[in-house]
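K.L.:
I'd like to go over a predicted model; first the sequence, then the structure.
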Amino acid sequence: GGVLGAMETMYQRGKIQEESLYYETLKHTGEYPIIGVNTFLNKDGSPTIIPQEVIRATTEEKENQIRTLQNLQQANQEKCAEHLKCLQQVAINNGNTFAELVEAVKYCSLGQITHALYEVGGQYRRNM
């Protein structure tokens, strides 16, 4: 029982998720009115600007980005491995990962950081 028991069974997280889902449902159906979001909208519709067309990167831009990423990874292999290992250690020790993330992004790609954190923490799954 108590707070520790509730934490072990993830009671609080479950309640937060339930309330969040309930709130989003009410907002989406219009049962929970929010001015400018689902009620009292401009007669012309939402003020959100919708682009005329979806802008996609050209093949040349994609290849250039891939080359840039490969160059980053080759130039910083040792520093990257060092920072990823440090980030994993901080995560394992339940430390503040923000400072290490700030350093890691200088040498590592988002994919490398994500994979390193996944190795030590697994994947978050929302309880329904």
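P.N.:
Here it is on my side, so go on. Numbers count the residues shown, from 1 in each chain.
K.L.:
When you work out contacts or count neighbours from here on, use the C-alpha atoms and nothing else.
P.N.:
Will do.
K.L.:
shaky segments in this protein?
P.N.:
Scanning the chain for pLDDT under 70 picks out the ranges 1, 44-51, 126-128.
K.L.:
And Gly5, how far from Ile35?
P.N.:
Taken as C-alpha to C-alpha, to the nearest Å, the spacing of Gly5 relative to Ile35 amounts to 40 Å.
K.L.:
before we move on, what about Thr29?
P.N.:
Counting by C-alpha to C-alpha, the gap from Thr29 to Ile35 is 14 Å.
K.L.:
Helix or strand for the residue most central in space within the chain, just tell me which one.
P.N.:
Ranked by distance to the mean C-alpha position of the chain (C-alpha atoms, centre = their mean), the top residue is Thr114 at 9.9 Å. When elements are assigned from DSSP states H and E, Thr114 belongs to helix 110-121.
K.L.:
contacting residues around that helix?
P.N.:
For helix 110-121, the surrounding residues in contact (C-alpha atoms under 8 Å, 6 or more residues apart in numbering) are Leu84, Lys85, Leu87, Gln88, Ala91, Ile92, Ala104, Val105.
K.L.:
what number of residues lie near the first one?
P.N.:
Residues lying near Leu84 (other C-alpha atoms under 10 Å) number 25.
K.L.:
all helices for the chain, in order.
P.N.:
Listed from the start of the chain, the chain has helices (DSSP state H) covering 2-8, 11-29, 59-75, 77-92, 98-104, 110-121.
K.L.:
any idea how far the most far-flung residue of the chain relative to its centre lies from Gly36?
P.N.:
In the chain, the greatest distance from the average C-alpha position (C-alpha atoms, centre = their mean) is reached by Lys43, at 34.6 Å. Distance check for Lys43 against Gly36: by C-alpha to C-alpha, it reads 11 Å.
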